[in-house]
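> need a 3D model of the following:
(4 chains)
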2 protein chains.
Amino acid sequence: MTVTLADVAARAQVSPATVSRVLNGNYPVAASTRERVLKAVDELDYVLNGPASALAAATSDLVGILVNDIADPFFGIMASAIQNEIGGPGGRAGGERLAVVCNTGGSPERELTYLTLLQRQRAAAVVLTGGAIENPAHLNAVGHKLRKLAEAGTRVVLCGRPPTPEAIAITFDNRGGGQLLTEHLIGLGHRRLGYIAGPEERTTTRHRLEGHRAALAAAGIEDDARRTVYGRYDRLSGYEATLELLRRDPTLTAVVAANDTVALGACAALRDSGLRIPDDVSVAGFDDLPFSIDAVPALTTVRLPLTEAGARAGRIAMGREEAPHGGIATVRGELMVRGSTGAPRAE
Amino acid sequence: MTVTLADVAARAQVSPATVSRVLNGNYPVAASTRERVLKAVDELDYVLNGPASALAAATSDLVGILVNDIADPFFGIMASAIQNEIGGPGGRAGGERLAVVCNTGGSPERELTYLTLLQRQRAAAVVLTGGAIENPAHLNAVGHKLRKLAEAGTRVVLCGRPPTPEAIAITFDNRGGGQLLTEHLIGLGHRRLGYIAGPEERTTTRHRLEGHRAALAAAGIEDDARRTVYGRYDRLSGYEATLELLRRDPTLTAVVAANDTVALGACAALRDSGLRIPDDVSVAGFDDLPFSIDAVPALTTVRLPLTEAGARAGRIAMGREEAPHGGIATVRGELMVRGSTGAPRAE
DNA sequence: CACTAGATAGAAAGCGCTTGCTGTCACGCT
DNA sequence: AGCGTGACAGCAAGCGCTTTCTATCTAGTG
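Presented below is the predicted three-dimensional model:
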């Protein structure tokens, strides 16, 4: 029914071995023979059987990219950059690899299961993006899996994720970025800052918050726990958290959000509460996603070089760039001061 | 080196066949035996060899999702919805399938290569999302591939893509949406409307533009070709196109954009040109992506039920929902009138 | 001109799993 | 007591490809 290597071989009057060699091109085959084979392949519309090939060769051309939320451009941009370097069809790289992105939805189980599935497929490489979940049991399980994958020859790279002993990592300096942002706000004269954090058990959340607190501490500002609200990394969360923050302290002069999307929600909540940005309340985001500049006023935020980091991770995953020294590269964010932050209103 | 089925069998003192059956759970195995096997699997940390399994069973659990641009939330949202239904680990569905998204970047070659790669992997299903490229040769090649895939037992579903004879399709009524938008603008009194289209050879571009023109024609407004500019589906394109439109006719009172992202760029260009929205110029987008409501003023646009459509496509791909009658379901967009459109300034 | 090295092609042994078919028991029925 | 009948378990034949090793042939070489 389906065309096999043997069919092609028969048609081209050569042995299956020869066809295989023509297709893989790593063994001398006379030009005339090659041509005959290629012709047969074409005529028969033959397509290699991936599983069979992977089984026999004990390798596969699958590369997995794990993301927390595929609907979030933060991940989309990174995934796109990674995939570009992985090669994928027509990518910058040569070999044809199937770069696939797997959406964990931020769920530990899904993350683990995808890792197993990738292991099962004998993936050539795996790139994990974004913050990790800080649960000892889960961390352990993931570490174990990564080790197994590495042992099996799968290259494992982390991108925008805190380093672990098991893999090469391109890490974002979320802590430094958070600090930059809050320092900026404090420099403008703010003293009562609300903070909208992400999900509590994420490393990204913790690091950004730590940076924020470090800046507060450095300025001798008391860190009132009531000024921090945890939520999700989405717009609605930002909206609700802002309302809550305002309820707890209507005299806030600035709101720092977990990321740009959350910041957008915060802006909406402030506007709906009749407050002007930045005259009444300043707002800051994080990531500098494309739409941030289109907010009105444009969002002050920390730009993360998502594309560059992704590209680098992709190249390392393909073995086309050597790993950074010590296996860890830390990428800093750049403070982008725009219209959404300003001096607090005089009291 | 790596643990195989046979190792597990030896350890559990059963035959490989039994282990296989325990793992696949589609054959009666005594509880005590099952337990013994499971224990061995656990102790040995055994992971099934995907390729081998796929080869022997002649099926795979891979499901491909093709998107034009993974960094664009339009696709991210659909992909997320599809993947959710596909099951993926922990998804709503039962079986563990590897739902993978492939980023074509809008390139015909990449689209084709991914399709081949998926065919090579004997994918269980393939979902193609977003507009197609209107190039006869390419259309033909894709059609051919889809037919082959279907013949091989791969379920093929289109989502947000024009129907073809080869597949089941959930299609967006881009034409109707475009018409709605322009009718709305005309209803407000606009007569000189600029149109920023997407890439010329995309079906989405053409359909939305046709809707726009149909509305103009219905209102007896001459369709000046100089009022249409083609570009890409990104922000910068919207910015530049708007400047160009303004250059060609500074008296424009409205700009209709190919999608929300482009609309954002258009807004930026208008603002930078010292024009107010909607007082001087109205702006309309398309898709109603999450950030559209956060633009200031909020974007008037056509909401496309991306999540619902994706979910449905996913279910159909999994065979958990029957195909729509005739194999085609058309989904309409809903006009969302918001602040970015208003009556034109009096002349 | 005999001989060897280099270039190609083929034979065949798996890769690790699934599954149709063939046992082997232990029951429960007549 | 004899036997049909499930319920399990194992055998063994592949699935379609890669690759090692071997065979063959041609072209140099002294």
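
> by mean pLDDT, point me to the weakest helix or strand of chain A.
strand A:98-103 (a mean of 89; mean pLDDT, DSSP states H and E).

> who's in contact with that one?
A:61-70, A:79, A:82-83, A:86-88, A:91, A:110, A:114, A:117-118, B:64, B:70, B:79-80, B:83, B:88, B:98-103, B:114, B:117-118, B:121 (Cβ atoms under 8 Å, 6 or more residues apart in numbering or on different chains). (Each C-beta comes from the backbone N, C-alpha and C, glycine too.)

> what's the local residue count around residue A:173?
17 (other Cβ atoms under 10 Å in any protein chain shown).

> for it, what are phi and psi?
phi -90, psi 70 (degrees, to the nearest 10).

> pLDDT wise, what is the nearest residue to residue A:12 once chain neighbours are set aside at?
Nearest residue to residue A:12, sequence neighbours excluded (Cβ to Cβ, 6 or more residues apart in numbering or on different chains): residue A:40, at 3.9 Å. With respect to pLDDT, residue A:40 has a value of 96.

> so which helix or strand takes in residue A:40?
helix A:31-44 (DSSP states H and E).

> neighbours of the residue in the stretch 201-347 of chain A positioned nearest to DNA strand D, just the number please.
At 17.2 Å from DNA strand D, residue A:319 is the closest residue in the stretch 201-347 of chain A, using Cβ to the nearest atom of the strand. Using other Cβ under 10 Å, residue A:319 has 11 neighbouring residues.

> show me which residues of chain A are close to DNA strand D?
Counting by Cβ under 7 Å from any atom of the strand, the residues of chain A lying close to DNA strand D are A:2, A:4-6, A:16-17, A:20-21, A:23-24, A:26-27, A:48-49, A:52-53, A:55-57.

> what residues are up against residue A:267?
A:277, A:283, A:295, A:299, A:340, B:294.

> now, which of these sits nearest DNA strand C?
For the contacts of residue A:267, the nearest to DNA strand C is residue B:294 (48.9 Å; Cβ to the nearest atom of the strand).

> my read is that residue A:329 contacts residue A:172, right?
No. Applying Cβ atoms under 8 Å as the test, residue A:329 and residue A:172 come out as separate, 10.2 Å apart.

> between the two, who's got more neighbours?
Between residue A:329 and residue A:172, counted using other Cβ under 10 Å, the more crowded position is residue A:172 (27 against 17).

> and the more buried one, what does it touch?
By Cβ under 8 Å, 6+ apart, the contact list for residue A:172 reads A:160, A:304, A:309, A:330, A:331, A:333.

> how does it look with 7 Å?
Contacts for residue A:172 (Cβ atoms under 7 Å, 6 or more residues apart in numbering or on different chains) come out as A:160, A:304, A:331, A:333.

> tell me the pLDDT of the second one.
Among the per-residue scores, residue A:304 holds a pLDDT of 98.

> neighbours of it, just the number please.
25.

> now do residue A:108
18.

> element containing the residue in the stretch 51-200 of chain A positioned nearest to DNA strand C?
Going by Cβ to the nearest atom of the strand, DNA strand C is nearest to residue A:56 of the stretch 51-200 of chain A, at 3.6 Å. According to DSSP H and E, residue A:56 maps onto helix A:50-57.

> got a list of what the one residue in the stretch 201-347 of chain A that gets nearest to chain B touches?
Evaluated by Cβ to the nearest Cβ, the stretch 201-347 of chain A has residue A:296 as its residue closest to chain B, separated by 3.6 Å. Neighbouring residues of residue A:296 by Cβ under 7 Å, 6+ apart: residue B:296.

> sorry, back to before: next, the buried residues of the helix holding residue A:56.
A:50, A:51, A:52, A:53, A:54, A:55 (16 or more other Cβ atoms under 10 Å in any protein chain shown).

> which residue, other than its chain neighbours, is closest to the fifth one?
Right, residue A:54. residue B:51 (3.6 Å).

> got a list of what the one you found touches?
Applying Cβ under 7 Å, 6+ apart, the residues near residue B:51 are A:51, A:54, A:55, A:60, A:121, A:122.

> burial measure for residue A:218, as a count.
12.

> report the secondary structure state of the residue nearest to it when sequence neighbours are not counted.
Spatially, and ignoring its direct neighbours in sequence, residue A:218 is nearest to residue A:183 (7.6 Å; Cβ to Cβ, 6+ apart). Using DSSP: H, G, I helix; E, B strand; the rest coil, the structure places residue A:183 in helix.

> and residue A:183, how far is that from residue A:221?
11 Å (Cβ to Cβ, to the nearest Å).

> name the element the closest residue to chain B within the stretch 101-250 of chain A belongs to?
In the stretch 101-250 of chain A, the residue that lies nearest chain B is residue A:113 (2.9 Å; Cβ to the nearest Cβ). Here residue A:113, judged by DSSP H and E, is contained in helix A:108-120.

> who touches the helix or strand that comes right after that helix?
As assigned by DSSP H and E, the chain's next helix or strand after helix A:108-120 is strand A:125-129. Under the criterion Cβ under 7 Å, 6+ apart, residues A:63-67, A:75, A:78-79, A:82, A:118, A:149, A:154-161, A:313-314, A:317-318 lie in contact with strand A:125-129.

> of those residues, which belong to strands?
Taking DSSP state E as the definition of strands, those contribute A:63, A:64, A:65, A:66, A:67, A:155, A:156, A:157, A:158, A:159.

> okay, and the beta partners of the residue nearest in space to the middle of chain A?
Most central in chain A under Cα atoms, centre = their mean is residue A:129, positioned 3.4 Å from the mean C-alpha point. Beta-bridge partners for residue A:129, by DSSP bridges, are residue A:159.

> let me know the distance separating it from residue B:70.
12 Å.

> shared neighbours of the two, which are they?
With Cβ under 7 Å, 6+ apart, residue A:129 and residue B:70 have common neighbours residue A:79.

> hang on, the earlier thing: what about the ones in strands among the contacts of strand A:125-129, which one has the most neighbours?
residue A:65 (33 neighbours).
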